[in-house]
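Asker: Need a 3D model of the sequence below.
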Amino acid sequence: MTRRRRNTPKQQARTGLAGEAQKTDDSPSPCAPTTQYQHFIPRFILRRFQVGPVKSKTERHKEFRLTGVDPEFVHYYDIATGNLDIRPIGKVYGVSNFYQDVRSTHNINELEEKLADLERHAASIIMDLHKALPRGTFTLKRRSLELLRKFLFIMHYRNASYSDTYFQVDHPENAGGRQWIESFMKAKGIQSSVEIWLHFLRYYLDASHSDIMRDAAELIEKYGDEGLQKMIAETCISPDLENFPAYTYHTHAQHYFFSIWEAAEGEEFIITHNAFGLWEGLVCGCPGLHRIFVVSPRIALVLCNVMSRPEMKVRLLPGSLMSSLLNVNPAPPTPIYASGKHGAHINHVNFQSAMSLARYRASQEGENDSFVFKITKLSRPQTLEFNSVVLVNVRKTGSLTFLSRGSMLRTARAFRSLPVNFPVSELLVPLIAHLTTTMESPPSQSPATVLDQDVDALTLVDVVLYVLLMQICTGSRRFETAYDRAHLVFRIMEKAKPTSFADEIRRQVEKAFKSCKDLWDEMPVGDGISFDPLLFSISNESSSRLFQFMIPCMSRLGAVMSGGEGILEELQDEVAVVSFLVRAASSPGVWHALSCTSIEAPEILSRLFKKGTKADAFTVRFTRLMHERASLSDFTSGFHMAYALRGVCGMTGPTTNPVSQSYYMFMATIIQILGRTTLGYLPEPYASQPRERPDARLIYKIPEEHSDFLFSKMEVILRQTLPGYTPSPGGDTLNETLGKWIDKMVIVGCLVWLGKHRRNFLDYMLDGFPQNMNFKLFEDEEATGST
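Answerer: Alright, predicted model coming up:
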């Protein structure tokens, strides 16, 4: 069925002889019941993780005949028991008689033999891929690529957990296909879900990739993609669709592009009982951004959803793609058509028709096409993050295999360091102890002793941070407010050694910070000076309001916030907020932009500081000096003075004074209202002109005549736009003067914002000014009636 599920086979303790599916009897008849240990992870992949030198097939058979012992071994961590040992490849990652089909009277092991043939071809391609690593690219002919895709699909389908659930009639995820399953079983005389699973395993093995895609194309031509998806969604798959599983295969092949990922130098990929076909990430809320297939310590084959192609990404809304691997950007393959990019046979293909595509790809012309893959070399953090995706899906009854102990220890420690992984990472504590004992501890120290010492807490991250996070998770340490808790974690995190927890927070803070900086991108007066620190503690009411405002705000700025309800998810979001605020508080331009994002922002943010910040003191001294001098001799015009006042009162860092707060709230109000109203109708050519002009730079030294005219026009616009707005009349006292100054500061700020974000509207407005004024409001533009 077309289901996306985590691959979680139930690993059972089974025994079997070594070798490629060796039988217990020396010369059994093909149809006699025999015992075979049949792998769901192929031996050729397990050999890539082999301990000791890799032997040839002749050497392996010779040694087995002499000793009766499988000469191939891998590290095997049994999660259920917590034991790490070295086991024969012939006795791991398999199930006895897994593929035996008792309905096949001539050879009940026929499916295993067909799988072995598919694996031989796939092994040859993967061997060539390893040889191509130094080149950084790998080229495949169409048929080889199709075979590899078929191999990956069957690797996922054949997983042990699927045999009895994939077509289980009463399984919740099969509700949409229940009638179809029952009808098909009746028509074929099939008695169990395992038998129908084996039936379609045979279908997938016997049919070529092209045949299966043609079967799927027939369904699509008849019902349409939307019609088939509707059948699944509305639980009404027609019983007449005998080859409906071909559509599952088609979805796997058509909706994902093939990519090759290489582990960082000095790091390695790991495999687990369910690491083949494991899905990761979300696309618009649906699972399956990536499908992961680890084929060696060096290489992982990853099927990437087509929505992650560069040309598709740009059409998506921010946050549509959710993944731990978003910072990996594999390039789709480059096709090389046999008759050239615009060959005659390509011109006749209808790319909107599933059948036309299937026929071309099955043709002789299509067979000669090639595809060039750029091998994506991961960084060390990316490799550790990839392994974390694999580890987060392990189960208590599962297992894990790796090549190098040192690499595995680094991987386990990195995984354990992320708080969100604490629950599942408990399964790795015995493994870390085993590895630490053999690599770091004195010979006399036993694994039990290491465990008693909590060696994982001491080695994976800074001890103080690790202990604090664990105390918060367990509830053994409590705080007056969520802010107090997040601020303490942030302070300790800043001094701790790098962890995945901190790295993820820094990535999201960087996104939000850059977006906020780009909103205004001016050089504030206060850049380069020291600023006041955030308070260590605030009231519960202030804390609640802060996170209710900041978490959605950071999301709008591009940060991917977890939004989860668990303590770890909440903590990560809250620490990200505090981290962002600490950084913003030292960048006056970003603080100005943040303070103007909402009417409530100035009050909420001012509660993070003691009264009388350095910016407050600067504002008070400057405004008093300006009022006492009562002269414009230092400025070219009132506009020039208003620009300077705005720089001091609004762009010198965090403030608590009423002048700055009034300016921020007024600016937030104007941006909200003008942001909506200026999107309305504009005549040509303004309607066709771009709204955004991020590099616009306001000219503030303008003549007094232009200044007076500009203020009067803007006051009219504000009266029309803002209900109840009346310009301050000013007066002789400082407070009366400040009211008038705030109005003029806001007009300057409004023009800066319009010039950057509603430029076509501003051009329309300024072109209405008298042509003989020779107006020039922005740098690098001609002095005309227009900007």
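Asker: Residue 48 versus residue 57, what's the distance?
Answerer: Going from residue 57 to residue 48 by C-beta to C-beta, to the nearest Å gives 15 Å. In this view, the C-beta of every residue, glycine as well, is placed from N, C-alpha and C.
Asker: cool, and residue 592?
Answerer: Using C-beta to C-beta, residue 592 is found at 56 Å from residue 48.
Asker: Neighbour count for those two, which is higher?
Answerer: residue 592 (28 against 21; other C-beta atoms under 10 Å).
Asker: so what's the more buried one closest to, chain neighbours aside?
Answerer: Leaving aside its sequence neighbours, residue 592 sits nearest to residue 651 (C-beta to C-beta, 6 or more residues apart in numbering; 4.8 Å).
Asker: pretty sure that neighbour contacts residue 589?
Answerer: Yes: counting by C-beta atoms under 8 Å, residue 589 is a contact partner of residue 651 at 6.4 Å.
Asker: More neighbours: these two, which one.
Answerer: Applying other C-beta under 10 Å to residue 651 and residue 589 shows that residue 651 carries more neighbours, namely 24 against 21.
Asker: Only C-alpha atoms, please: export stretch 49-62 in CSV.
Answerer: Presented in CSV, the C-alpha positions along stretch 49-62 are these (Å, rounded to 0.1, in the frame of the first residue of the first chain):
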residue,chain,number,x,y,z
PHE,A,49,31.4,-3.0,8.0
GLN,A,50,33.5,-6.1,8.5
VAL,A,51,35.9,-6.4,11.3
GLY,A,52,39.4,-7.4,10.1
PRO,A,53,40.5,-7.9,6.5
VAL,A,54,37.9,-8.6,3.8
LYS,A,55,38.4,-12.0,2.2
SER,A,56,37.6,-13.1,-1.3
LYS,A,57,34.7,-15.6,-1.9
THR,A,58,37.2,-18.4,-2.4
GLU,A,59,39.1,-17.6,0.8
ARG,A,60,35.8,-17.5,2.8
HIS,A,61,34.6,-20.9,1.5
LYS,A,62,38.0,-22.5,2.0
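Asker: and the closest residue to residue 267 other than its chain neighbours, what does it touch?
Answerer: Excluding the flanking residues, the one nearest residue 267 by C-beta to C-beta, 6+ apart is residue 383, at 4.2 Å. By C-beta atoms under 8 Å, 6 or more residues apart in numbering, the contact set of residue 383 is 263, 264, 267, 268, 269.
Asker: Equivalent analysis for residue 554, please.
Answerer: Residue 554 sits next to 508, 512, 561, 576, 577, 580 when contact means C-beta under 8 Å, 6+ apart.
Asker: Going by secondary structure, the second one is in what exactly?
Answerer: Applying DSSP states H and E as the criterion places residue 512 in helix 500-520.
Asker: Can you show me the CA trace of that helix as PDB?
Answerer: Extracted in PDB, the C-alpha atoms of helix 500-520 (Å, rounded to 0.1, in the frame of the first residue of the first chain):
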ATOM      1  CA  SER A 500      24.100  19.800  18.800                       C
ATOM      2  CA  PHE A 501      21.700  21.500  21.200                       C
ATOM      3  CA  ALA A 502      23.600  24.800  21.000                       C
ATOM      4  CA  ASP A 503      24.400  24.500  17.300                       C
ATOM      5  CA  GLU A 504      20.700  24.100  16.400                       C
ATOM      6  CA  ILE A 505      19.800  27.200  18.500                       C
ATOM      7  CA  ARG A 506      22.600  29.200  16.900                       C
ATOM      8  CA  ARG A 507      21.500  28.300  13.400                       C
ATOM      9  CA  GLN A 508      17.900  29.500  14.000                       C
ATOM     10  CA  VAL A 509      19.100  32.700  15.800                       C
ATOM     11  CA  GLU A 510      21.300  33.500  12.800                       C
ATOM     12  CA  LYS A 511      18.300  33.200  10.400                       C
ATOM     13  CA  ALA A 512      16.100  35.500  12.500                       C
ATOM     14  CA  PHE A 513      18.900  38.000  13.200                       C
ATOM     15  CA  LYS A 514      19.800  38.300   9.500                       C
ATOM     16  CA  SER A 515      16.100  38.800   8.500                       C
ATOM     17  CA  CYS A 516      15.600  41.400  11.200                       C
ATOM     18  CA  LYS A 517      18.800  43.200  10.200                       C
ATOM     19  CA  ASP A 518      17.700  43.300   6.500                       C
ATOM     20  CA  LEU A 519      14.400  45.000   7.500                       C
ATOM     21  CA  TRP A 520      16.200  48.300   8.000                       C
END
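Asker: now for it, which elements pack on it?
Answerer: Judged by 3 or more C-beta pairs under 8 Å, 6 or more residues apart in numbering; DSSP states H and E, helix 500-520 is in contact with helix 380-391, helix 405-417, helix 482-495, helix 567-585, helix 588-595, helix 734-757.
Asker: if you set the cut-off to 7 Å instead, what comes out?
Answerer: With contacts defined as 3 or more C-beta pairs under 7 Å, 6 or more residues apart in numbering; DSSP states H and E, helix 500-520 has these neighbours: helix 405-417, helix 567-585, helix 588-595.
Asker: ranges for the strands of the stretch 1-150 of the chain?
Answerer: Along the stretch 1-150 of the chain, counting by DSSP state E, counting those that start in this stretch, strands occupy 37-39, 73-78, 83-88, 94-96, 137-141.
Asker: Disregarding flanking residues, what is the spatial nearest neighbour of residue 312?
Answerer: That would be residue 306: by C-beta to C-beta, 6+ apart, it lies 6.2 Å from residue 312.
Asker: which residues touch the closest residue to residue 584 other than its chain neighbours?
Answerer: Nearest non-adjacent residue to residue 584, counting by C-beta to C-beta, 6+ apart: residue 590, 4.5 Å away. Residue 590 sits next to 513, 516, 517, 584 when contact means C-beta atoms under 7 Å, 6 or more residues apart in numbering.
Asker: again, only this time at 8 Å
Answerer: Taking C-beta under 8 Å, 6+ apart as the test, what residue 590 contacts is 513, 516, 517, 583, 584.
Asker: before we move on, the earlier item: could I get the helices and strands packed on helix 500-520 in TSV, plus columns for mean pLDDT and distance to residue 178?
Answerer: As requested, those are exported to TSV (pLDDT from 0 to 100; distance: least, C-beta to C-beta, whole Å):
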stretch	mean pLDDT	distance to residue 178
helix 405-417	89	39
helix 567-585	91	36
helix 588-595	91	54
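Asker: nearest to residue 320, of the ones you listed?
Answerer: Across the helices and strands packed on helix 500-520, residue 320 has its closest neighbour in helix 567-585 (19.4 Å, C-beta to C-beta).
Asker: Measure how far the direction of the closest one deviates from that of helix 588-595, in degrees.
Answerer: 130 degrees (axes from the mean of the first three to the mean of the last three C-alpha atoms, to 10 degrees).
Asker: Check the offset of stretch 560-577 from the chain's centre.
Answerer: 16 Å (C-alpha atoms, centre = their mean, to the nearest Å).
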